[in-house]
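Enquirer: Provided below for reference: sequence and predicted model.
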Amino acid sequence: MDPGLVRPIEEATENFQRFVCAEASPILRRFEASSEPSELLALTGELQKIYVEDGPSLPLFASPLWGVLSTSHSVGFPGRIRAYAGESPGQADALPALVEIGPR
């Protein structure tokens, strides 16, 4: 909702839905400046109301990371016993998977 996060589409890393709300901007600035829990809670409520009424979508998860792995043809995947990396590609810890995963 923050106009300060909108960038040209090629550079969009945050506000990828490109949703800007002028009404939310001053609330966001107050949120940034506050450290009072009751005020932060009230401001969060205002932001949620704006987003529910005007937002382009309703996210179900905050940064979900999951994966489905098959050992039919490959072995060495991270898992509960050997949790050396996450299961989603593109995570910062994905490099060890390139070394550990191999043919069955």
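Expert: Nice, thanks for sending it over.

Enquirer: what sits against residue 21?
Expert: Applying Cβ atoms under 8 Å, 6 or more residues apart in numbering to residue 21 gives the contacts 1, 50, 51, 54. Every C-beta, even on glycine, is put in place using the N, C-alpha and C of the backbone.

Enquirer: my guess is it is in a strand, correct?
Expert: No - with DSSP: H, G, I helix; E, B strand; the rest coil as the criterion, residue 21 is located in coil rather than a strand.

Enquirer: What distance do you get for it to residue 54?
Expert: Remark: distance between residue 21 and residue 54 (Cβ to Cβ, to the nearest Å) = 6 Å.

Enquirer: With residue 75 instead?
Expert: From residue 75 across to residue 54, the span is 49 Å (Cβ to Cβ).

Enquirer: among the contacts of residue 21, which are in helices?
Expert: Counting by DSSP state H, the contacts of residue 21 place 50, 51, 54 in helices.

Enquirer: Could you list the buried residues of stretch 33-48?
Expert: Neighbour-count burial for stretch 33-48, counted by 16 or more other Cβ atoms under 10 Å, picks out 43, 46, 47.

Enquirer: In PDB, please show the C-alpha coordinates belonging to the helix or strand where residue 39 lies.
Expert: Per DSSP states H and E: residue 39 is located in helix 37-54. Extracted as PDB, the C-alpha positions of helix 37-54 are listed here (Å, rounded to 0.1, in the frame of the first residue of the first chain):
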ATOM      1  CA  PRO A  37       2.000  -1.300  21.400                       C
ATOM      2  CA  SER A  38      -1.600  -0.100  21.800                       C
ATOM      3  CA  GLU A  39      -1.100   2.500  19.000                       C
ATOM      4  CA  LEU A  40       0.600   0.000  16.700                       C
ATOM      5  CA  LEU A  41      -2.300  -2.400  17.200                       C
ATOM      6  CA  ALA A  42      -4.800   0.400  16.400                       C
ATOM      7  CA  LEU A  43      -2.900   1.400  13.300                       C
ATOM      8  CA  THR A  44      -2.600  -2.200  12.200                       C
ATOM      9  CA  GLY A  45      -6.400  -2.500  12.400                       C
ATOM     10  CA  GLU A  46      -6.800   0.600  10.200                       C
ATOM     11  CA  LEU A  47      -4.400  -0.800   7.600                       C
ATOM     12  CA  GLN A  48      -6.100  -4.200   7.600                       C
ATOM     13  CA  LYS A  49      -9.500  -2.500   7.100                       C
ATOM     14  CA  ILE A  50      -8.200  -0.500   4.100                       C
ATOM     15  CA  TYR A  51      -6.600  -3.600   2.500                       C
ATOM     16  CA  VAL A  52      -9.700  -5.800   3.000                       C
ATOM     17  CA  GLU A  53     -11.900  -3.100   1.400                       C
ATOM     18  CA  ASP A  54      -9.600  -2.000  -1.400                       C
END
